[in-house]
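K.L.:
following is a predicted model, sequence given first.
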Amino acid sequence: MEKNSKIYVAGHRGMVGSAIVRELQRQGYTNIVTRTHKELDLCRQEAVEKFFEEEKPEYVFLAAAKVGGIVANQNALADFMYDNMILEMNVIHAAWKNGVKKLEFLGSSCIYPRMAPQPMKESCLLTGELEKTNEAYALAKISGLKYCEFLNRQYGTDYISVMPTNLYGPNDNYHPEHSHVLPALIRRFHEAKMSGAKSVTCWGTGSPLREFLYVDDLANLCVFLMNNYSGNETVNAGTGKELTIKELTELVAKVIGYEGQIEWDSTRPDGTPRKLLDVSKATRLGWTYKTELEDGIRLAYKDFLENPMRAER
């Protein structure tokens, strides 16, 4: 990409999209195109095609998505599958029709089989059954990355896919039921500290292993890949490090300064027992993450405190 290339970031108000915009601006890119959901509903094919015909972006980062935690995924299976599949197909197809030079599709590590060998290599895609608690979202994301691959194979496009591990950071969603585990813990322990609660009850057993990547590190990788990678196989984005949910919970409590008891409700679902990405491909390409987890949680908590409206979601 040239510094004045026209770059469209779909989903620029979300956690990932806003981080990509920050990274592009940090690196001196000057022609960034964005649209709010009110200005452009990506689920409306006609509107998306009109936008691409008029704006003619040269590069596209497809970070828009309908996202949520275990509860949200379980309660809105059809919505998660339909909205994600429709919006990504609309954007990718319109990009192809209008000659976009390169598109980068943002997926999720939940695309990999529930019991995939750990750490999960990009090649394990579609080799086993998906995790049921986010199956609808995973199927939509698999469809998007496969459509990019098929366009490359049939028409010679240069569309790539990136599969991040669990993300956190500025502009995260802290809703008490619709958020992912780390922002949910930040909110829960903050509220417990403020109210003087003697204990906090967390979901599951605390035994699942998870990996977490600070979203600004992901954005750095996304721009790096747009400039340095082409290929049909996706690229994993992560740290290559994992910890148990129990260890994560204790770390969040430490950062926030909560000193009460932590209890566990084993009647609640744990989700996938382990999710660790093999990040050797990104490493071979010359990229590594920068932000350690405790430092990233401190930054995320600062963002939470400085954005009261976000805390009320």
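P.N.:
Alright, I've got the coordinates. Numbering: from 1, shown residues only.

K.L.:
my guess is residue 17 contacts residue 64, does it?
P.N.:
Yes. The criterion here is Cβ atoms under 8 Å, and residue 17 meets it with residue 64 at 6.7 Å. Glycine gets a C-beta too; all of them are placed from N, C-alpha and C.

K.L.:
overlap in contacts, those two.
P.N.:
10, 11 (Cβ atoms under 8 Å, 6 or more residues apart in numbering).

K.L.:
so for those two, which sits in the more crowded spot?
P.N.:
Using other Cβ atoms under 10 Å as the criterion, residue 17 and residue 64 rank with residue 64 on top: 26 against 23.

K.L.:
right, and that one touches residue 91 too?
P.N.:
Yes. Residue 64 lies in contact with residue 91 (Cβ under 8 Å); the separation is 7.3 Å.

K.L.:
which residues are in contact with each of those two?
P.N.:
Joint contacts of residue 64 and residue 91 (Cβ under 8 Å, 6+ apart) are 10, 42.

K.L.:
the helices in the stretch 51-200 of the chain, which residues?
P.N.:
With helices called from DSSP state H, counting those that start in this stretch, the stretch 51-200 of the chain shows them at 70-75, 77-97, 135-155, 181-195.

K.L.:
tabulate those helices (JSON lines), appending distance to residue 218 and mean neighbour count.
P.N.:
As requested, the helices of the stretch 51-200 of the chain are arranged in JSON lines below (distance: least, Cβ to Cβ, whole Å; neighbours: other Cβ atoms under 10 Å):
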{"stretch": "helix 70-75", "distance to residue 218": "21", "mean neighbour count": "19"}
{"stretch": "helix 77-97", "distance to residue 218": "18", "mean neighbour count": "19"}
{"stretch": "helix 135-155", "distance to residue 218": "15", "mean neighbour count": "19"}
{"stretch": "helix 181-195", "distance to residue 218": "14", "mean neighbour count": "20"}
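
K.L.:
closest one to residue 214 among these?
P.N.:
Set against residue 214 and scored by Cβ to Cβ, the helices of the stretch 51-200 of the chain come closest in helix 181-195, at 10.4 Å.

K.L.:
which strands and helices sit next to that closest one?
P.N.:
strand 166-168, strand 199-203, helix 245-256, helix 293-306 (3 or more Cβ pairs under 8 Å, 6 or more residues apart in numbering; DSSP states H and E).

K.L.:
got the CA coordinates for that helix in PDB?
P.N.:
Coordinates of the C-alpha atoms in helix 181-195 are reproduced here as PDB (Å, rounded to 0.1, in the frame of the first residue of the first chain):
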ATOM      1  CA  VAL A 181     -14.400 -13.300  29.000                       C
ATOM      2  CA  LEU A 182     -11.700 -10.700  29.600                       C
ATOM      3  CA  PRO A 183     -13.800  -7.500  29.400                       C
ATOM      4  CA  ALA A 184     -16.600  -9.200  31.300                       C
ATOM      5  CA  LEU A 185     -14.100  -9.900  34.100                       C
ATOM      6  CA  ILE A 186     -12.800  -6.300  34.100                       C
ATOM      7  CA  ARG A 187     -16.300  -5.000  34.500                       C
ATOM      8  CA  ARG A 188     -17.300  -7.500  37.200                       C
ATOM      9  CA  PHE A 189     -14.200  -7.000  39.400                       C
ATOM     10  CA  HIS A 190     -14.400  -3.200  39.000                       C
ATOM     11  CA  GLU A 191     -18.100  -3.200  40.100                       C
ATOM     12  CA  ALA A 192     -17.200  -5.600  43.000                       C
ATOM     13  CA  LYS A 193     -14.400  -3.300  44.100                       C
ATOM     14  CA  MET A 194     -16.600  -0.200  44.000                       C
ATOM     15  CA  SER A 195     -19.500  -1.900  45.900                       C
END
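
K.L.:
quick one: residues in contact with it.
P.N.:
69, 166, 168, 172-174, 176, 179, 197, 199-200, 202, 210, 212, 245, 248-249, 252-253, 256-258, 260, 297, 300-301, 304-305, 311.
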